[in-house]
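Undergrad: 3D, please:
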Amino acid sequence: MLRSMIKRILLFCSLLSLGWAGFGEARGDDLAPTRIGRISAVEGSVSIRAPAAGWTNSVVNDPIGAGMAMRTGDKGRAQVRIGPDLVALAAGARVEIGRLDSDAIQIALPQGRIGIRLARLDNGSSVEIDLPNGGVWLERPGDYDIYAGDEKNPALVAVLDGSARAIAENLDRTLTAGSVLALNGGNSELAKLDARGPDQFEAWWLPPSGNTAKAQALQFVSADMTGYDALDGNGGWEKAAGFGEVWYPSALPDDWAPYRYGRWRWVQPWGWTWIDDKPWGFATSHYGRWTWIDERWAWVPGPRSEHPVYAPALVAFLGTAGVGISYPDGNGPAVAWFPLGPGEIYWPSYTNDLDTIRRINAGGGADLAAIAAGANGSAPAAIVNGRYQNRRFASVVPRPVFTAGRTVAPALIDLPERRLENAPLLAGSPQIAPAAAPAQVASAAHTLARILEPRAAPKPTRTVAVLRGERHSGSGQIKTVAATSHSRARPQHVAKERIVAVSATHTARAHPMHLAAAHHRLKLR
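TA: Here you go, the predicted structure:
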């Protein structure tokens, strides 16, 4: 079994060196992630990398899922919200999201410093952070400050509140609140946290002392709905006949409509993804439905789902597949779309799995029993030919604006309502390729998951992959590495060890100023 695993690991590394071709949206058994994070704060230089893509500048409301990576520049920092949890990146940090689902969060930190605010930890779930010289499991809700280390400085794991378990070579240690552990190869040192209080980075992401107020939105949606935290203060909840509790946004432009103020971005494996300009626009763009009530737009979260499933944009497109829709005096076709209303079925272009499609639509008030595949796994005729309440509110832009990811609102085209009503409907995607192909390098975590297809492991099993990659300053070199995995055994269960391989690279060395700041705060004494 180990020999077979090693062969697949070598195959994985070979594929990394060759790169990946093709930009089609995922189909069939290659299921897209259903749990997601969002970039909630950006300062300075911040960039993200999706599977099979190159690095691109990031903005608030960019989605972050399994197989994606994120990095900050020397003067940049960022925050990522995953439901109620928070991950903050200090300047000069890079993270790789290996796993993000209802059972686990797995983050590789090959470089820099991050802070984690873990709001809850359900039974059977795990949160692990993989470092170049070890790995950390977060065992309880709390606040954690973690530094990856470099050639001159050890990795540091600080438990501000909560409890964690660190595993490295010849080390298996539990950390309690107020302690900090230095990891340096086979050596480690445990001490108390510097009592001088939060430094500038921690003060940026830690919540204000005594702030225990529960978000009003949680009365109506699950904490697993990423973006719920931005609704409070940007609108209000009211009861609407036939819909239950709905949310009305405040301070909108006169011509505002859902999916109009923002831009489209091609994000694998989902394809075309809506990035809303409003700081509160993540939840309302990727969950629920929109409806027009008494001359106002209302967001309808629908029946409460404890684990809502992310969608890249709950819209339908109009026109000819792969082409778009024609318009007067145009030099080429346009692209048109409109928000789905309550009860209307979203049919994704990135999966044929009916169970996943039903889960995506569970919060939209749709008749889930009516979801069945049409010919060749496409949307059935009842969906394609159905009547849609928001067609007349479609947004239309020239195709180059859409494919280049430019801001939609300034480029809007006015089409007659009759034209919009008679245009063919395209469920889920316009089937148009992005304007320019990104770099052909797949994310290591995403590709590894495809190749290895993990076998069912005895439960409960927690695995930490200890990254053992040579640090270097090159930008394109891939190092083949081996890693040792540790399974955690609980008193009532005996978990077997597994072996996992992770490929790790360091594209740049963290700025000395950032190292000094981290060690000043997480000082061993």
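Undergrad: quickly find the element holding the residue nearest to residue 130 when sequence neighbours are not counted.
TA: Leaving out its chain neighbours, the residue that sits closest to residue 130 by Cβ to Cβ, 6 or more residues apart in numbering is residue 108, at 4.4 Å. Quick note: C-beta positions are derived from backbone N, CA and C, even for glycine. Element membership for residue 108, per DSSP states H and E: strand 104-111.
Undergrad: repeat that for residue 79.
TA: Going by DSSP H and E, residue 79 is part of strand 77-82.
Undergrad: nearest residue to the residue sitting nearest the centre point of the chain in space, please, no chain neighbours.
TA: The centroid of the chain falls nearest to residue 64 when counting by Cα atoms, centre = their mean (2.2 Å). Once flanking residues are discounted, residue 64 sits nearest to residue 37: 4.1 Å by Cβ to Cβ, 6+ apart.
Undergrad: thought the one you found was touching residue 62?
TA: No. If you go by Cβ atoms under 8 Å, residue 37 and residue 62 don't touch, sitting 9.4 Å apart.
Undergrad: show me the beta-bridge partners of residue 81.
TA: residue 38, residue 86 (DSSP bridges).
Undergrad: mind listing the helices for the stretch 351-500 of the chain?
TA: For the stretch 351-500 of the chain, the helices defined by DSSP state H, counting those that start in this stretch occupy 354-360, 381-384, 399-403, 417-422, 444-452.
Undergrad: and of these, who's closest to residue 49?
TA: Residue 49 lies closest to helix 444-452 among the helices of the stretch 351-500 of the chain, at 10.2 Å (Cβ to Cβ).
Undergrad: circling back to that earlier point, pipe the helices of the stretch 351-500 of the chain into a markdown table and attach distance to residue 233 and mean neighbour count per row.
TA: Below are the helices of the stretch 351-500 of the chain laid out as a markdown table (distance: least, Cβ to Cβ, whole Å; neighbours: other Cβ atoms under 10 Å):
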| stretch | distance to residue 233 | mean neighbour count |
| --- | --- | --- |
| helix 354-360 | 28 | 17 |
| helix 381-384 | 36 | 15 |
| helix 399-403 | 31 | 21 |
| helix 417-422 | 34 | 13 |
| helix 444-452 | 35 | 19 |
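Undergrad: for residue 215, which of those is the nearest?
TA: Of all those, helix 354-360 comes closest under Cβ to Cβ, at 23.7 Å.
Undergrad: I'd like the average pLDDT over that closest one.
TA: Taken as a whole, helix 354-360 has an average pLDDT of 92.
Undergrad: contacts for the strand or helix carrying residue 40?
TA: Residue 40 is located in strand 37-43, with elements delineated by DSSP H and E. Strand 37-43 is contacted from outside by 46, 48, 58-65, 70, 76-82, 86-87, 97, 100, 226-227, 229-230, 282, using Cβ atoms under 8 Å, 6 or more residues apart in numbering.
Undergrad: and it, which residues are buried?
TA: Judged by neighbour count using 16 or more other Cβ atoms under 10 Å, the buried positions of strand 37-43 are 37-42.
Undergrad: same deal with stretch 140-153?
TA: Those buried within stretch 140-153 under the rule 16+ other Cβ under 10 Å are 141-150, 153.
Undergrad: what ranges does the stretch 151-300 of the chain have for its helices?
TA: 200-205, 281-286.
Undergrad: quick one, which of those gets closest to residue 398.
TA: helix 281-286 (21.9 Å).
Undergrad: what mean pLDDT does that closest one have?
TA: 98.
Undergrad: what residues does it touch?
TA: 36, 38, 61, 63, 221, 225-228, 230-231, 247, 249, 258-259, 261-262, 274, 276, 290, 299, 310-314.
Undergrad: can you put the buried residues of stretch 140-153 in a markdown table and add distance to residue 173?
TA: Below are the buried residues of stretch 140-153 laid out as a markdown table (distance: Cβ to Cβ, whole Å):
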| residue | distance to residue 173 |
| --- | --- |
| 141 | 20 |
| 142 | 17 |
| 143 | 19 |
| 144 | 15 |
| 145 | 17 |
| 146 | 15 |
| 147 | 17 |
| 148 | 18 |
| 149 | 16 |
| 150 | 22 |
| 153 | 19 |
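Undergrad: tell me the one of these nearest residue 347?
TA: Of the buried residues of stretch 140-153, the one sitting nearest to residue 347 (Cβ to Cβ) turns out to be residue 141, at 37.5 Å.
Undergrad: what sits closest to the closest one if chain neighbours are left out?
TA: Nearest non-adjacent residue to residue 141 (Cβ to Cβ, 6+ apart): residue 118, at 5.0 Å.
Undergrad: picking that back up, looking at the helices of the stretch 151-300 of the chain, which one is packed in the most?
TA: Each of the helices of the stretch 151-300 of the chain was scored by mean neighbour count; the highest is helix 281-286, a mean of 27, by mean count of other Cβ atoms under 10 Å.
Undergrad: wait, residue 141 touches residue 121, no?
TA: Yes. Counting by Cβ under 8 Å, residue 141 does reach residue 121; the two are 5.7 Å apart.
Undergrad: quick one: buried residues of stretch 372-386?
TA: Neighbour-count burial for stretch 372-386 [16+ other Cβ under 10 Å]: 379-380, 383.
Undergrad: should've said stretch 55-72
TA: 55-56, 58-72.
Undergrad: for the residue of the chain most remote from its centre, helix, strand, or coil?
TA: Relative to the C-alpha centroid of the chain, counting by Cα atoms, centre = their mean, residue 329 is the outermost residue, at 39.9 Å. Under DSSP: H, G, I helix; E, B strand; the rest coil, residue 329 falls in the coil class.
Undergrad: what angle do the following helix or strand past the strand holding residue 108 and strand 77-82 make?
TA: Following strand 104-111 in sequence order, the next helix or strand is strand 113-118 (DSSP H and E). Angle, strand 113-118 to strand 77-82, by axes from the mean of the first three to the mean of the last three Cα atoms, to 10 degrees: 30 degrees.
Undergrad: just checking, what packs against the helix or strand following strand 113-118?
TA: Sequence order places strand 126-131 as the next helix or strand after strand 113-118, per DSSP H and E. Judged by 3 or more Cβ pairs under 8 Å, 6 or more residues apart in numbering; DSSP states H and E, strand 126-131 is in contact with strand 104-111, strand 113-118, strand 134-138, strand 463-465.
Undergrad: possible to save these as JSON lines with mean pLDDT?
TA: Output for the helices and strands packed on strand 126-131, formatted as JSON lines (pLDDT from 0 to 100):
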{"stretch": "strand 104-111", "mean pLDDT": "98"}
{"stretch": "strand 113-118", "mean pLDDT": "98"}
{"stretch": "strand 134-138", "mean pLDDT": "96"}
{"stretch": "strand 463-465", "mean pLDDT": "37"}
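Undergrad: quick one: which of these is nearest residue 203?
TA: The nearest among the helices and strands packed on strand 126-131, by Cβ to Cβ, is strand 113-118 at 10.2 Å.
Undergrad: burial measure for the closest residue to residue 236 other than its chain neighbours, as a count.
TA: Spatial nearest neighbour of residue 236, excluding adjacent residues (Cβ to Cβ, 6+ apart): residue 248 at 5.7 Å. The number of residues packed near residue 248 is 16, by other Cβ atoms under 10 Å.
Undergrad: look at residue 248 and report its pLDDT.
TA: 98.
Undergrad: one more: residue 30?
TA: 57.
Undergrad: and if you look at the one 4 residues further on?
TA: According to the prediction, residue 34 has pLDDT 87.
Undergrad: contact partners for it?
TA: Counted by Cβ under 8 Å, 6+ apart, residue 34 has contacts 101-102, 309-310, 356, 359-360.
Undergrad: possible to save those residues as CSV with distance to residue 164?
TA: As requested, the contacts of residue 34 are arranged in CSV below (distance: Cβ to Cβ, whole Å):
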residue, distance to residue 164
101, 21
102, 21
309, 30
310, 28
356, 33
359, 32
360, 34
